Structures are given as C-alpha cells and as structure tokens.
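Trainee: here you go, sequence then predicted model.
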Amino acid sequence: MIQAVDYIRVLPEIVLTLFGVAIMMVEGALPPRASRKPLGWLAFVGTLAALAATVYQAGYPGMAFFGMVRVDSFSIFFHFLIAFIAALVVLSSFEYLDAQQIRGGEYYGLILFGAVGMVLMSSAVELVLIFIALEISSISTYVLAGFRRRAPSSIESSIKYFLLGSFATAFFLYGVALIFGATGSTRIYMIAETIQGGKHSAMVFTAVALMFVGIGFKIAAAPFHVWTPDVYEGAPAPVVGLMSTAPKAAAFAVLLRIFFAAATPGWFWPVWISAALSMTLGNISALVQDNVKRLLAYSSIAHAGYLLVAFAAARDIGISAAMFYTAAYALMNVGAFAVVSHFASAGERYVTLEDYAGLGRRSPVLAATLTIFLLSLIGIPITGGFFAKFYVFSAALKSNLVWLVIIAVVNSAIAAYYYLRIIVLMYMRDAREPAPTVQNVSAPLGVALALTVAATIYLGVLPGRVLDYASRGAALLVR
C-alpha cells in the first residue's frame, strides 16, 4: 500500500511537474504577442520550490513506491544540484529569449519537465523506472535543442540529437532486458543480491556493456561522443548549458547505481578505455576549434573522461570524488554558457573566438566572469575545478591507476592551452572592426552569473562541507 511518506520521497518531482503543467496551461491563455517573462518567473519559483522540497525530503530517507525509489544522501545531492542548475538556466534565459525574439512560453515548461526526469533518474532504483525517467528527460531536451526554429542549425541539432539519442536509448533498454533475463529482476538491490550470490551468467557482462553504451551517449563519453559538437553548436546557448550539466549529472548518478549499488561485473576496462579516449579526443579536438560552443562541446567530452577516471577508481573515495566533480563542473559550465549566450547577441552572431578579442576592455566584468569559469575548467587553485581534479586524481592514485592519472594530467596540460587562448584574446588582443556590441547584463542574468561565480569559488576555497556530504552519499550508495 502506498503511504503518505512515499509522496514526500518524490516531492521535488511532484513540485516540478505541477509548475510545468501550470506554465503550459497559462501559456495557452496568453495573447500571441504578450511577454512570456511571467512564465519564466513562474518556472524560477518552481525550481526554488523544488529546492525547498529537496531540503524537506532529506528528513524522510528510505524506500518508496514498493522499492522503486530510494531517498538518501546520494539522491538528495543530485536532486539539489539538478534543481539549482534548472534555476540558473531559467534566469539566464530571460535575456536570451528576448534577444532571439522567441516567444515560446513552453520553453520554461520543458526545462521543468526535463528536470523531473533528471531528478527521478537520480533516485530510481528500478531499471524500467530509470528508463522512463531517462525518456522524460531526453524528450524535453530534444525539443529544447531545436527551439531556435528559424535557424536551420538548431533544427539540425534537434534532429541529430533525437535520432542518435533514440538509437542509444535502445541499447540501454536492450541491456535492461538482458540483465532481467540473467538475474530475474530489474530492481538494483535484488540484482546485486543475485550477482553477489554467484548466480549470474555471461549475459550480465553483455547487459552491462549495452547499458554503458546507452548512458555513455548521454554523458558524451568517447567513443559515443560524435553528436556533441554539432548539437551544442546549433542548440540555444542556455539550453546547451542545461544539456551539458543536468542530464549528465543524472546519467552519472544512474551509472554509479548500476556499477556499484547493483554490483555489476565487467565494467572496469570499458570505463578505463572510455575515460582515456574521452580525455584525449576531447582535448585534442578542442585545440583546433574556432567556434566557442564547439570548443566547449569538446571540452565537455574531455570532462566526461575526467569523471570516468573517478569511476574507475571505485570505492567510496572514487564515488565521492565523482559526485564532487559533477557539482563543480556543472556550476562552471552553466556559468560559461550563460556568458556565451549573453555575448552571442541576436541570431547568435558572435560565437567565434575572434569575436572575444578585446572583451576585457569593452566589458571588464563580463570578461572577468568568463575568466573565472575558464580557470576553473583548467583546474587552477581557489576554484572548484582545482579540488574537483585533485580529488579525482587522488582517488585514482589510491586505486593504483597510475597510467590513467598520467593520461589525465597530460590532457589537463593540453586543455590549459585552449582555455588560456580565450583569456589571451580577451585581454591581449585588439577587437576587430567593427567590434561586436556588448549589451548590458540584465538583472536575472547578473544574479545567475553571481551565483555561479560565488559557488565556483566557494567549492575552491571551502570544499569540505560539499565533499563530506558527497562522502556520506557514497557510503550509502551500496547499502
């Protein structure tokens, strides 16, 4: 029998769904030429309500809905992170939608519906429910990727993402079917009991490989990364900030549950190889990019590789390092794409590296903000990126993954070149003529940038509290 506490354990999902439905209903009642900003503010209130629901939910840990959902420190960590990312993306979208003359209020509803799927992915402990949550998240992001309807590149982005994403999802679902055939269950903890009891066959190894292919696509890990540059280039910049962070966080949460909570075998070498390929291909490809969005897309592939290093390290220390890295990367990447979306202007005209030449003189605050995010992506001290990489590399060394750490360190040095290249252009090169116009930052975007900068520096100066919470979540993951 479903109890009242079960609903508390899915409270963030309920809140986000209600606000998303409200936005879609109000959207239909608004005149075609009326401003959609009130819907944006309603979405923002919805994300704040989801954050409050997450905090309230933390007081009611346990299983819900017949063992299909589990609320613990692990899921609460990702609930809070995903809702916070959604809030930042909503704030950074007000100005962008006005600049692009987009009046689709459903944009904000899709962000909330996508967040519902991502939040549910992080707490679901039943593979069919994880699949359903994955589809809820994916369908929303497929539509959001093509939201610049008048831009052919955006439509192309949406179609590519949809076709390849559907193909990858089929791999995941086939893996779920195989693991059900091998263990007789799709519940993660029952699968773990069967596997630990030695009652599994070679079919489990195939199932793990297929599920890794499906999730590997979602996190843009090599060799499943080929869609990323084209999709990121064509999609609206704030949407790319969402796509490159929140769905990845949810997908990494699913991977952690499948690999560690379900105690599935055979994942180490695929993860090791994918980590090495992701870091190397992502960073080397980024070196030759002239488009900032494509550069950050390849950077995203490389950072997926760094995260997989923590997966390969395993144990509690590797899991907590992966969780901390996910949070640090999400904050700095959302902030970077918020700057890109503001600077791109109408039609996303200014997205090449040369457009950023002289930005340090034309808009010192905006350039300084982007510099902080780029330094964090490199892993410079006093930024969250530094401790994120430090914990990942430390965990890998403690697990004797010396060669993987060497590959990661070399790739970090390569990555420093193309991040510093943007900073050099902003401060040491003159702007081309005519120089791209830099608009004043709106209040909502200013708040979003201030929050991301503050959080990035906080994680670089006082990482202990977040890491401790991640460690508690890691310890509970396998119990």
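Mentor: Perfect, thanks for sending it. Predicted, not measured: the structure shown is a model, and the values here were computed from it. Residues are numbered from 1 along each chain as shown.
Trainee: please make it C-alpha for all contacts and neighbour counts, starting now.
Mentor: Will do.
Trainee: could you list the low-confidence segments of this structure?
Mentor: In the predicted model of the chain, residues 199-200, 346-347, 478-479 satisfy pLDDT under 70.
Trainee: and the strands in it, which stretches?
Mentor: 62-64, 69-71 (DSSP state E).
Trainee: tell me the most buried of those strands?
Mentor: Ranked by mean neighbour count, the strands of the chain are led by strand 69-71 with a mean of 24 (mean count of other CA atoms under 10 Å).
Trainee: which residues are in contact with that one?
Mentor: Contacting residues not belonging to strand 69-71 are listed as 9, 57-58, 60-64, 123-126 [CA atoms under 8 Å, 6 or more residues apart in numbering].
Trainee: cool, and stretch 421-430?
Mentor: Outside stretch 421-430, the residues touching it (CA under 8 Å, 6+ apart) are 353-354, 356-361, 367, 371.
Trainee: how about 10 Å then?
Mentor: Stretch 421-430 is contacted by residues 287, 292, 353-364, 367-368, 370-372, 374-375, 418, 420, 431 when judged by CA atoms under 10 Å, 6 or more residues apart in numbering.
Trainee: buried stuff in it?
Mentor: Buried residues in stretch 421-430, counted by 16 or more other CA atoms under 10 Å: 422-427, 429-430.
Trainee: middle-most residue in this structure, spatially?
Mentor: Thr245 (1.8 Å; CA atoms, centre = their mean).
Trainee: quick one: contacts for that one?
Mentor: Contacts of Thr245 were listed using CA under 10 Å, 6+ apart, and they are 81-82, 85-86, 219, 239, 251, 300, 326-327, 329-334.
Trainee: switch the cut-off to 6 Å
Mentor: Listed by CA atoms under 6 Å, 6 or more residues apart in numbering, the contact partners of Thr245 are Ala330.
Trainee: how much space between it and Ile317?
Mentor: 22 Å (CA to CA, to the nearest Å).
Trainee: check Phe311 too.
Mentor: In terms of CA to CA, Phe311 sits 10 Å off from Ile317.
Trainee: and for Arg9?
Mentor: 27 Å.
Trainee: so between these two, which is more surrounded?
Mentor: Arg9 (27 against 22; other CA atoms under 10 Å).
Trainee: from the contacts of stretch 421-430, list just the buried residues.
Mentor: 287, 292, 353-360, 362, 367-368, 370-372, 374-375, 418, 431.
Trainee: next step: those restricted to helices.
Mentor: Counted as lying in helices by DSSP state H, out of those, are 292, 359-360, 362, 367-368, 370-372, 374-375, 418.
Trainee: what's the burial count for Ala310?
Mentor: Per other CA under 10 Å, the neighbour tally for Ala310 reads 29.
Trainee: between the buried residues of stretch 421-430, which sits nearest Gly234?
Mentor: Nearest to Gly234 among those: Ile422, at 20.7 Å, using CA to CA.
Trainee: the stretch 101-250 of the chain: helices as residue ranges?
Mentor: 106-123, 127-145, 152-183, 188-196, 202-218, 228-234, 237-243, 246-256 (DSSP state H, counting those that start in this stretch).
Trainee: what's the closest of these to Leu445?
Mentor: With CA to CA as the yardstick, what comes closest out of the helices of the stretch 101-250 of the chain is helix 237-243 (10.8 Å).
Trainee: tell me what the residue lying closest to Ala124 once chain neighbours are set aside is bridged to.
Mentor: In space, and not counting its chain neighbours, Ala124 is closest to Val69: 4.4 Å by CA to CA, 6 or more residues apart in numbering. Per DSSP bridges, the residues bridged to Val69 are Ala64, Ala124.
Trainee: how near is Val69 to Ala443?
Mentor: Val69 is 38 Å from Ala443, by CA to CA.
Trainee: got it, and Ala396?
Mentor: 42 Å.
Trainee: between those two, which has more neighbouring residues?
Mentor: Remark: of Ala396 and Ala443, Ala396 carries more neighbours, 24 against 13, as counted by other CA under 10 Å.
Trainee: what separation do you get for the more buried one and Leu308?
Mentor: Ala396 is 10 Å from Leu308, by CA to CA.
Trainee: repeat that for Ala246.
Mentor: 17 Å.
Trainee: these two: which has the busier surroundings?
Mentor: Ala246 (28 against 25).
Trainee: I'd say that one and Leu81 touch.
Mentor: No - if you go by CA atoms under 6 Å, Ala246 and Leu81 don't touch, sitting 7.8 Å apart.
Trainee: related to what we said a few turns ago, max pairwise distance over the ones in helices among the buried ones among the contacts of stretch 421-430: which two?
Mentor: Put simply, by CA to CA the two of those set farthest apart are Arg362 and Tyr418, 21.8 Å from each other.
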